[in-house]
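*Asks:* sharing a model prediction with you, sequence too.
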Number of protein chains: 2
Amino acid sequence: MMEIDLIEILGLIAAFLTTSAFVPQVYKAWKWKNVEGLSLGMYLAFLTGVLLWLVYGFLIQSLAIIVANIVTAILVMTVLILIVKHKKTNDTP
Amino acid sequence: MMEIDLIEILGLIAAFLTTSAFVPQVYKAWKWKNVEGLSLGMYLAFLTGVLLWLVYGFLIQSLAIIVANIVTAILVMTVLILIVKHKKTNDTP
């Protein structure tokens, strides 16, 4: 069983700090529909990485890694949806 | 002792994918000295998070977390130096 011990609290603080840093970009894309300079391919690769981290977190039973990557996956998927939604009008089919 | 097993290989692939996604921003800041929109406070918070992840990685003996956060720390410190170097000319003391 996973226990929330001091190490996990440290990991969760780390998760909060690194995940928070991603929020302004998501907010910018969401609020102003500004997805300029955001690459679909790069975000897909990033999402793949985040999902692999999530699997890794489950395998080594790290609560901090699991929590960090669930939150990040939701943020990245939000940006991906916004990229697809707001970029397609400018692209050729 | 830490062994490189299949789980660690999965973690290292995850690390490669998520860390690579950060490289274009570092390259942009480095090559074109473009640090507009990059916040010093946000990057300092992010660096703190990355360093805490690094401590966490050592504590739970996760090679993937250690490698990912050493590389990310170097990238973030590079951006931080560029922000301080190229923003100070526009700022009041």
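*Replies:* Noted; the coordinates are in hand.
*Asks:* quick one: the residue positioned nearest the centre of chain A and B:Thr18, what's the gap?
*Replies:* Centroid-nearest residue in chain A, with C-alpha atoms, centre = their mean: A:Thr72, separated by 2.4 Å. Applying C-beta to C-beta, to the nearest Å, the value for A:Thr72 to B:Thr18 is 8 Å. In short, each C-beta sits where N, CA and C put it, glycine included.
*Asks:* what do you get for A:Leu75?
*Replies:* 13 Å.
*Asks:* picking that back up, which ones are touching the residue nearest to the centre of chain A?
*Replies:* A:19, A:22, A:50 (C-beta atoms under 8 Å, 6 or more residues apart in numbering or on different chains).
*Asks:* what's around A:Phe46, how many residues?
*Replies:* Other residues within reach of A:Phe46 by the criterion other C-beta atoms under 10 Å in any protein chain shown amount to 23.
*Asks:* report the buried residues of the one helix or strand the residue nearest to the centre of chain A maps to.
*Replies:* Per DSSP states H and E, A:Thr72 falls inside helix A:63-87. The neighbour-count check on helix A:63-87 (16 or more other C-beta atoms under 10 Å in any protein chain shown) flags A:63-73, A:75-76, A:79-80, A:82-83 as buried.
*Asks:* hang on, the earlier thing: just the pLDDT for the residue nearest to the centre of chain A.
*Replies:* The model reports A:Thr72 with a pLDDT of 95.
*Asks:* does the least confident helix or strand in chain A by mean pLDDT come close to chain B?
*Replies:* Ranked by mean pLDDT, DSSP states H and E, the helix or strand of chain A with the weakest confidence is helix A:23-31, at a mean of 86. Yes: counting by C-beta under 8 Å from any C-beta of the partner chain, contacts between helix A:23-31 and chain B involve A:Pro24.
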